[in-house]
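> A predicted structure for the sequence below; I have some questions about it.
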Amino acid sequence: MKVKILGTAAAEGWPALFCRCPACQRARKLGGKNIRTRSSLLIGKEYKVDFPPDTYLHLTKFNLSLSEVKYLFITHAHYDHYTPRDLLMRRNPFALTPLPLLKIYGNSLVEKWTFSVRDFKENIAKYSFEFQLVEPFKEFQAGELSVFPLLANHDPNQLCYNYLFSTPRWSLLQAFDTGWYSEETWERLRKITSRRPLDLVIMDCTMGKIDTDKKGGHLGVKGVIEVKKKLSSYGSLKDGCRFIATHFSHNGGLSHQELEEVLSPEGIEVAFDGMEIEL
């Protein structure tokens, strides 16, 4: 199974939309892996995590199509992770060929936001999708994937999920937005990975060089390193597990190369837009 990281930035992108700070100016100058769009993940051809405002750019940049995606997992109802109005493009005359049913998974706020688009309430059949409400720590099946929604420590005003995906062959932890996990989440993660150790971890490193001191919201470099150590102490990481940092903000201040210099010695890779991993 091929995993493709479509975007690796926080809400503002990097360089940020309206910013001329030194980190953004340097990204513009350096280009390449320093240019980051809003975060999303494609697992094989049928599974996608989050639906950001940069989705169309991802399709054109990486020569992809969403016509084969059957399962869409939304982490939370922040606009940089979910743009439900773009689902309007699933009907004729915007999509002229038949589409498979798209199952969208998320919490109650994601559901509310989805159906705030008026036509979805009245004419959902035209759009060939359905919404499935999922609850934290309640595993469900989506196609070939077993999916376990973990509670992130991201926004005190709403639920935010990190998703643990697994098949009999591999296991993947996706954690775009999270601070240091609560004790309940750590314990749930310890138990499930004792049975299904992780082959791949994709972990929030939004704050870069800023130490968030295990508070909620986001992690930085120090937090990502500590998460890896804790998972290692649980025996949650398979030999050869790839541990990848992603979801970077210009506030963190570190270029791609500088992130590599800090994280590579810890056995942590630095994601870039278009990065591919084979499971």
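Perfect, thanks for sending it. Numbering: from 1, shown residues only.
> Count the neighbours of residue 177 for me.
26 (other C-beta atoms under 10 Å). C-beta: built from backbone N, CA, C; applies to glycine.
> residue ranges of the helices in the stretch 1-150 of the chain, please?
Here the stretch 1-150 of the chain has its helices, by DSSP state H, counting those that start in this stretch, at 22-30, 55-61, 108-114, 118-123.
> hey, which of these is tucked in deepest?
Comparing these by mean neighbour count (mean count of other C-beta atoms under 10 Å), helix 108-114 ranks first with a mean of 18.
> for that helix, what is the average pLDDT?
Mean pLDDT, helix 108-114: 96.
> Identify, by residue count, the longest strand of this structure.
strand 237-246 (DSSP state E).
> Can you name the element that comes right after it?
Downstream of strand 237-246, the next assigned helix or strand under DSSP states H and E is helix 256-263.
> neighbouring contacts of that following helix?
Residues from elsewhere that reach helix 256-263 (C-beta atoms under 8 Å, 6 or more residues apart in numbering): 30, 32-34, 205, 208-209, 221, 224-225, 245, 248, 254, 269-270, 272.
> who's in contact with the residue sitting nearest the centre point of the chain?
Against the mean C-alpha coordinate of the chain, by C-alpha atoms, centre = their mean, the closest residue is residue 176 at 4.2 Å. Shown in contact with residue 176 (C-beta under 8 Å, 6+ apart): 39, 41, 49, 50, 75, 81, 162, 202, 204, 246, 247.
> Tell me how many other residues crowd residue 160.
28.
> Look up how far residue 268 lies from it.
22 Å (C-beta to C-beta, to the nearest Å).
> Out of the helices of the stretch 1-150 of the chain, which is closest to residue 237?
Among the helices of the stretch 1-150 of the chain, the nearest to residue 237 by C-beta to C-beta is helix 55-61 (28.5 Å).
> For the closest one, output the C-alpha coordinates as PDB.
Output of helix 55-61 as PDB, limited to C-alpha atoms (Å, rounded to 0.1, in the frame of the first residue of the first chain):
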ATOM      1  CA  THR A  55      -7.100  19.700  -2.400                       C
ATOM      2  CA  TYR A  56      -7.400  20.900  -6.000                       C
ATOM      3  CA  LEU A  57      -3.800  22.100  -6.000                       C
ATOM      4  CA  HIS A  58      -2.700  18.600  -4.700                       C
ATOM      5  CA  LEU A  59      -4.600  16.900  -7.600                       C
ATOM      6  CA  THR A  60      -3.000  19.000 -10.300                       C
ATOM      7  CA  LYS A  61       0.500  19.100  -8.700                       C
END
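> can you pull out the helices in the stretch 151-279 of the chain?
Secondary structure of the stretch 151-279 of the chain (DSSP H, counting those that start in this stretch): helices at 183-195, 221-234, 256-263.
> Dump those to TSV, plus mean pLDDT and mean neighbour count.
Listed next are the helices of the stretch 151-279 of the chain as TSV, based on pLDDT from 0 to 100; neighbours: other C-beta atoms under 10 Å:
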stretch	mean pLDDT	mean neighbour count
helix 183-195	96	15
helix 221-234	97	19
helix 256-263	98	18
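> nearest to residue 155, of those?
Among the helices of the stretch 151-279 of the chain, the nearest to residue 155 by C-beta to C-beta is helix 183-195 (14.4 Å).
> quick check: mean pLDDT across stretch 76-83?
According to the model, stretch 76-83 has a mean pLDDT of 94.
> how about that stretch: buried residues?
Neighbour-count burial for stretch 76-83 flags 76, 77, 78, 80, 81, 82, 83 (criterion: 16 or more other C-beta atoms under 10 Å).
> Just the ones of the residues you listed in strands?
Judged by DSSP E, strands contain none of the buried residues of stretch 76-83.
> And the contacts of helix 256-263, which is closest to residue 119?
Distance to residue 119, by C-beta to C-beta, is smallest for residue 248 among the contacts of helix 256-263, at 35.5 Å.
> pLDDT wise, what is that closest one at?
Per-residue pLDDT puts residue 248 at 98.
> Also residue 119?
pLDDT for residue 119: 92.
> Distance-wise, check the residue nearest to it when sequence neighbours are not counted relative to residue 180.
In space, and not counting its chain neighbours, residue 119 is closest to residue 88: 7.0 Å by C-beta to C-beta, 6 or more residues apart in numbering. Residue 88 sits at a distance of 38 Å from residue 180 (criterion: C-beta to C-beta).
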